[in-house]
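Colleague: A structural model of the following input is requested.
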Amino acid sequence: MRIVQPTSGSIKLNGHDIARLGKPEMRPYRRSMQIIFQDPFASLNGRMKAGDIVAEPLAVHGIATGRAKAERVAELFEQVGLRPDQMQNFPHQFSGGQRQRICIARALALGPSLLVCDEPVSALDVSIQAQVINLLIDLQRAKGLSYLFIAHDLAVVAHISHRIAVMYLGRIVEIADKAELFANPRHPYTQALLAAVPVADPKKRNTAPLIEGDVPSPINPPSGCAFHTRCRYVMDRCKVEAPKLRETGPRHQAACFLNESVSQA
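Modeller: This next block holds a predicted model:
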């Protein structure tokens, strides 16, 4: 999103690297990508009415004014399950789920093709989480949106995702289609994450080994594989050499030396 400027690497949107573009060059790209923040209350201006918040992107980009703008905002409110007469309310007059719907409406205002969803339901009650997730799924189907959905709740990830990337200390350690990842995790960290999911049956005991130790500092990560300090399969090689993502199956990659024999087969 270029909210924080990158110090290295590239950011490709539809094949174009936008990591080094200046503000004027970035402006056209900003219409095609929007973000939904984690905290719906903190990301809304409490001094602005809900309708004005959703209308602001339309004014900034000169898309609509006057009656056309008001009609567009009313349409967006209805799309996210809010009433047009709520446009005159302030953020504190809405529930947490309703505030997140306002954030979604604001993100949709410019007709983007990509939405970055930064843990958009983690601050909501479980019952409200399901409503917001189902709304996002319905909007995706109706508008053909692409989501970059960031979350730590595996149930939410399994419900909304098509393809999943697992990260540890800021690096992708495994990436695969949803069904493949949950059925055949290749990286020890992914395996531990799935093993940690609670089983809703008191008669069943989860005997799979979990991760031990604390997460190292991301500012000063361990040498070699960053996960080696907590990995039950650690080898001497892991401590000095960082594994690269390797193919372990169709559309499945993992950064672990244990998968070398699989990738070479």
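Colleague: use CA for all of it now, contacts and neighbours both
Modeller: Will do.
Colleague: What residues sit buried inside stretch 171-181?
Modeller: Residues 173, 174, 175, 176, 177, 178, 180, 181 are the ones in stretch 171-181 that count as buried (16 or more other CA atoms under 10 Å).
Colleague: Likewise for stretch 89-107?
Modeller: 90-91, 94, 96-107.
Colleague: Mark which of the residues you listed are part of helices, please.
Modeller: Within the buried residues of stretch 89-107, residues falling in helices by DSSP state H are 96, 97, 98, 99, 100, 101, 102, 103, 104, 105, 106, 107.
Colleague: so can I have a markdown table of those residues showing distance to residue 64 and pLDDT?
Modeller: Shown next, in a markdown table, are those (distance: CA to CA, whole Å; pLDDT from 0 to 100):
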| residue | distance to residue 64 | pLDDT |
| --- | --- | --- |
| 96 | 28 | 93 |
| 97 | 27 | 95 |
| 98 | 24 | 97 |
| 99 | 23 | 97 |
| 100 | 23 | 96 |
| 101 | 21 | 97 |
| 102 | 19 | 98 |
| 103 | 19 | 97 |
| 104 | 19 | 97 |
| 105 | 15 | 97 |
| 106 | 14 | 97 |
| 107 | 16 | 97 |
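Colleague: Relative to residue 66, which of the residues you listed is nearest.
Modeller: Closest approach between these and residue 66, by CA to CA: residue 106, at 17.3 Å.
Colleague: Who are the contact partners of the closest one?
Modeller: Shown in contact with residue 106 (CA atoms under 8 Å, 6 or more residues apart in numbering): 53, 54, 55, 57.
Colleague: repeat that with 7 Å
Modeller: The neighbourhood of residue 106, defined by CA atoms under 7 Å, 6 or more residues apart in numbering, consists of 53, 54.
Colleague: Adjust the sequence numbering to begin at 18 for everything that follows.
Modeller: Sure, I'll start counting at 18 from here, so that last one is residue 123.
Colleague: care to break this protein down by domain?
Modeller: Split into domains by automatic domain parsing, the chain comes to 48-178, 192-281.
Colleague: ok, which stretches of the protein are strands?
Modeller: For the chain, applying DSSP state E gives strands covering 29-30, 33-34, 50-53, 131-135, 163-167, 180-185, 188-194, 263-266, 269-271.
Colleague: which one of the ones you listed is the most hemmed in?
Modeller: Among these, ranked by average contacts under mean count of other CA atoms under 10 Å, first place goes to strand 269-271 (a mean of 25).
Colleague: In the sheet, which strands lie alongside that strand, parallel or antiparallel?
Modeller: strand 188-194 (antiparallel), strand 263-266 (antiparallel) (DSSP bridges).
Colleague: To residue 87, which of those strands lies closest?
Modeller: Minimum separation from residue 87 across those (CA to CA) falls at strand 188-194, 40.9 Å.
Colleague: Output the closest one as CSV, restricted to C-alpha atoms.
Modeller: Output of strand 188-194 as CSV, limited to C-alpha atoms (Å, rounded to 0.1, in the frame of the first residue of the first chain):
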residue,chain,number,x,y,z
ARG,A,188,9.5,-14.5,5.6
ILE,A,189,7.3,-16.8,3.7
VAL,A,190,8.1,-20.4,4.8
GLU,A,191,5.4,-22.2,2.9
ILE,A,192,2.8,-21.4,0.2
ALA,A,193,0.2,-23.6,-1.3
ASP,A,194,-3.5,-23.9,-2.2
